[in-house]
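1. Structure, please.
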Amino acid sequence: TTSSNNGIGGTNLLNTATTNQSTNQNIALTGTWIVNPAAINESRFQWQHQNNTSTGVDPVVNISVADGFTTGATAPLNYTHANNYEFQNYTSITHKAHFIKFGARLRGNLQNSYSTSNFMGQFNWSSIAAYTNFLENIAAGQTLPQIFAAGNGPFQYTQASGIPLIGVHQVDAGIFFQDDWKLKPNITLSMGLRYEVQDNIGDKGDIAPRIGLAWGIGKGQGRQAAPKTVLRLGYGWFYTRFPLGNTLNDERFNGIDQVSYTINAPKFLSAAALEQIGLSTAQANALGIPVPTGSALAPYALSAATYHTDPNLRAPLQMQTAIGVDRSLPKNIQININYINTRGVHQFQTFDVNTPLIGTYSPANQLGAVYPLGAASGVYNMYESGGIFKQNQVIFTVRAPINNRISVQGNYTLGYANADSASPSNPYNFAQDYGRAAYDIRHRIQMQGTINLPFKIRINPNIQYSSAPPFNITQGIDQYGDTNFNTRPAFEPAG
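-> Numbers count the residues shown, from 1 in each chain. Purely as a prediction, here's the structure:
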């Protein structure tokens, strides 16, 4: 498939567009072996191949004005070639009152990524007013050094450079055992244990116990009828795998293969950037100050961003408890009420471990900053797993076949979720961000239906509603010197 004019809209102008091309290929094989009347073995293999290519329409140095506009495509060419393999083998055994299932899954992911994102560089202005002051200074005939001295130049310049092509791989595996034990005709106890592991993190002990109970309350009508009310209880541990994309960043931005520079208050502005702003080629060449290159770029850079994976990183764990009641009503109407409590620990977070020590940095006095790893280490982004979240949900579902042509179903979810941030605003106090999560949607309603019309025509109406997510206010300044602008304003202390 091919799509054009991607990325434009909002404050992105036409020349930021990219043309994207993608191809997908998939092969799936399934084999079933009936070992005996009580045992079945299933094997599945799947291979997926994906090619995604993005070509910039106008790959030039970018100009970005906060709340105003952005010009220029960010990259001449980006592409990703991915091959994913998955093999599963499951065995199911029926033995008296037990239904036993065990098996294994093995997955492999290989990815070649070619990225020239921000190789052209980007100059950033903090506001439309700041950009307007710059244009007025240019119109008044001032030189760039004069404009910079007055504080009307760009507040930041960013650029990436290095080796575009990086190859990474990941293998993960899991084995499990599960026993559904029918204690009584109306009571089933489910017990299971799973073990998961992957090769690109140090955590090798992801054991996931699970237990569940289904209790049919009361007697059904007829010999084979199930009870009209079923109580369900469950508790389990579930893990999230470390993404291959993070490993890719770890390899690409390791400080050697590809480096991302962030330069605050740059004292240069290239002729190409001035042409983007609207100056003629002659004016731009006369006024422009070239962007430093190679070793000359380092002295100007306050931070060269690198990515690293914490050797003690653990796979995120979600511990979930669920209580539910299913009830069958007359006319085949079904209702379900479920309460789900989820507690997450070891959630992924990314932060700069080389953030200046508290009290040594301010946006107005950056030269006094004291960096734990030294200023030469730049922004030392660390992937670690110190995040937490707590979520509570109540889900009410109704399914109602009105007649043989019309059926409707709907659900309502009441949710509460608190978490700390995946990108902490204060790298020295993660708890400062704990509060309503970005996915804390208080109310969700969804209604679906099926209407069968003559001539085999079917209509499936779908209505969805959700309340607004939490509203976040940020200051728009780099308060801690970690090149992030996500700190929130605080009230002045009393007195």
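2. Double-check D440 against Y416; I have them as touching.
-> Yes - counting by C-beta atoms under 8 Å, D440 does reach Y416; the two are 6.6 Å apart. Heads up, the C-betas are built off the backbone N, CA and C, glycines and all.
3. out of the two, which sits in the busier spot?
-> D440 (17 against 14; other C-beta atoms under 10 Å).
4. Look up phi and psi at that one.
-> phi -80, psi 80 (degrees, to the nearest 10).
5. Look at P489 and say how many residues are nearby.
-> For P489, the count of nearby residues is 10 (other C-beta under 10 Å).
6. So it: helix, strand or coil?
-> At P489 the chain is in coil, as set by DSSP: H, G, I helix; E, B strand; the rest coil.
7. Phi, psi for it please.
-> phi -70, psi 150.
8. In this structure it contacts N472, no?
-> No - here P489 lies out of contact with N472, judged by C-beta under 8 Å, at a distance of 11.0 Å.
9. residues touching the residue nearest to M382 when sequence neighbours are not counted, list them.
-> Closest residue to M382 apart from its sequence neighbours, by C-beta to C-beta, 6 or more residues apart in numbering: V353 at 4.8 Å. V353 sits next to P372, L373, Y380, N381, M382, P427 when contact means C-beta atoms under 8 Å, 6 or more residues apart in numbering.
10. mind listing what's buried in the longest strand along the chain?
-> Scanning the chain for the longest strand, with DSSP state E as the assignment, gives strand 380-401. Across strand 380-401, burial judged by 16 or more other C-beta atoms under 10 Å covers 380-389, 391, 393, 395, 397, 399-400.
11. Following element in sequence after that strand, please.
-> For strand 380-401, the succeeding helix or strand toward the C-terminus, using DSSP states H and E, is strand 406-419.
12. before we move on, the earlier item: can I get the contacts of V353 in a markdown table with pLDDT and distance to S280?
-> Formatted as a markdown table, these follow (pLDDT from 0 to 100; distance: C-beta to C-beta, whole Å):
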| residue | pLDDT | distance to S280 |
| --- | --- | --- |
| P372 | 95 | 47 |
| L373 | 93 | 45 |
| Y380 | 93 | 42 |
| N381 | 94 | 40 |
| M382 | 96 | 46 |
| P427 | 91 | 45 |
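13. Which one of those is nearest to Y90?
-> The nearest member of the contacts of V353 to Y90, counting by C-beta to C-beta, is M382 at 38.3 Å.
14. in the stretch 201-350 of the chain, which spans are helices?
-> Along the stretch 201-350 of the chain, the stretches classed as helices by DSSP state H, counting those that start in this stretch are 244-252, 271-277, 281-287.
15. Now the nearest residue to N24 once chain neighbours are set aside. Its backbone dihedrals?
-> Distances taken as C-beta to C-beta, 6+ apart put Q50 closest to N24, at 5.4 Å, once the chain neighbours are dropped. Dihedral angles of Q50 (phi, psi; degrees, to the nearest 10) stand at phi -130, psi 130.
16. Output the helices of the stretch 201-350 of the chain in JSON lines, with mean pLDDT appended to each entry.
-> Formatted as JSON lines, the helices of the stretch 201-350 of the chain follow (pLDDT from 0 to 100):
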{"stretch": "helix 244-252", "mean pLDDT": "93"}
{"stretch": "helix 271-277", "mean pLDDT": "91"}
{"stretch": "helix 281-287", "mean pLDDT": "91"}
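17. Looking at those, which is nearest to I207?
-> Taking C-beta to C-beta, helix 244-252 is the member of the helices of the stretch 201-350 of the chain nearest to I207, at 22.9 Å.
18. Show me what the residue nearest to N24 bridges to in the sheet.
-> Going by DSSP bridges, Q50 is paired in beta bridges with N24, A82.
19. roughly how far apart are it and Q21?
-> Going from Q50 to Q21 by C-beta to C-beta, to the nearest Å gives 12 Å.
20. With Q283 instead?
-> If you measure Q283 against Q21 using C-beta to C-beta, the figure is 38 Å.
21. same question, Q347
-> Distance, Q347 to Q21, using C-beta to C-beta: 35 Å.
22. N338 against T321, yeah?
-> No - the criterion here is C-beta under 8 Å, and N338 misses it with T321 at 11.0 Å.
23. Neighbour count: those two, which is higher?
-> Using other C-beta under 10 Å, the more surrounded residue of N338 and T321 is N338, with 18 against 14.
24. hang on, isn't A369 packed against A375?
-> Yes - judged on C-beta under 8 Å, A369 makes contact with A375 at a distance of 7.4 Å.
25. beta partners for H95?
-> Note on H95: beta-bridge partners by DSSP bridges are H98.
26. How many neighbouring residues does it have?
-> Around H95 there are 10 residues (other C-beta under 10 Å).
27. T32 versus that one, what's the distance?
-> Distance of H95 to T32, computed by C-beta to C-beta: 19 Å.
28. Ok, N365 next?
-> Counting by C-beta to C-beta, the gap from N365 to T32 is 70 Å.
29. On the pLDDT front, check the nearest residue to V57 once chain neighbours are set aside for me.
-> Spatial nearest neighbour of V57, excluding adjacent residues (C-beta to C-beta, 6+ apart): A17 at 4.5 Å. Per-residue pLDDT puts A17 at 92.
30. Same question for Q224.
-> 59.
31. same deal with A298?
-> Note for A298: predicted pLDDT of 68.
32. swap in T229?
-> On pLDDT, T229 comes in at 94.
33. ok, now which ones touch it?
-> Shown in contact with T229 (C-beta under 8 Å, 6+ apart): G216, I217, G218, V325, D326, R327, S328.
34. what's the neighbour count on the closest residue to it other than its chain neighbours?
-> Excluding its sequence neighbours, the residue lying closest to T229 (C-beta to C-beta, 6+ apart) is I217, at 4.4 Å. The burial count assigned to I217 is 13, neighbours taken as other C-beta under 10 Å.
35. mind checking how far I217 is from K184?
-> Distance from I217 to K184, by C-beta to C-beta: 12 Å.
36. list the residues that contact both of these two?
-> By C-beta under 8 Å, 6+ apart, no residue touches both I217 and K184.
37. Okay, the nearest residue in space to K267 that is not next to it in sequence and G481: tell me how far apart.
-> With C-beta to C-beta, 6+ apart as the criterion, K267 has its nearest non-adjacent residue at 5.5 Å, and that residue is F148. Separation of F148 from G481 (C-beta to C-beta) stands at 21 Å.
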